[in-house]
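Student: The amino acid sequence is not available; the structure is as follows:
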């Protein structure tokens, strides 16, 4: 049963990996005089850095959207458990495993922050 849970967790981790945040803009501050500029393209940031070594660059991110995790166990996970019909799993096991994974996903930021 542990390997089935590991497969489900791996699939969920892959989905979460795609949600990693990337900068949407960059703030550039000239440390000599305090002037600030805002860039939306990384190429512009690189060009500015090549022209001015006194820039302090800060990456800017949007707030990540709240995770959307369905209450009900996805069919794919139920099918995965059903494919191992060696009497190790009961009907409620899929939902129980899903509830544990769902709780971990929803509490991920709280536990890391």
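Tutor: Received it, and whenever you're ready, just let me know what you need. As the structure is a computational prediction, the values presented were derived from the model and not from experiment.

Student: Give the full set of residues in contact with the closest residue to residue 25 other than its chain neighbours.
Tutor: Among residues not flanking residue 25 along the chain, residue 60 sits closest, at 4.5 Å (C-beta to C-beta, 6 or more residues apart in numbering). Using the backbone N, CA and C atoms, a C-beta is placed for each residue, glycine as well. The contact partners of residue 60, by C-beta atoms under 8 Å, 6 or more residues apart in numbering, come to 23-27.

Student: Show me which of these are buried.
Tutor: 23, 26-27 (16 or more other C-beta atoms under 10 Å).

Student: need those in a markdown table with distance to residue 6, can you?
Tutor: Listed next are the buried ones among the contacts of residue 60 as a markdown table, based on distance: C-beta to C-beta, whole Å:
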| residue | distance to residue 6 |
| --- | --- |
| 23 | 33 |
| 26 | 39 |
| 27 | 42 |
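
Student: Make CSV from those and add secondary structure and distance to residue 82 to it.
Tutor: Putting the buried ones among the contacts of residue 60 into CSV (DSSP: H, G, I helix; E, B strand; the rest coil; distance: C-beta to C-beta, whole Å) gives the following:
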residue, secondary structure, distance to residue 82
23, coil, 43
26, strand, 49
27, strand, 52
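
Student: just curious, which of those residues is nearest to residue 70?
Tutor: Nearest to residue 70 among the buried ones among the contacts of residue 60 is residue 23, at 29.8 Å by C-beta to C-beta.
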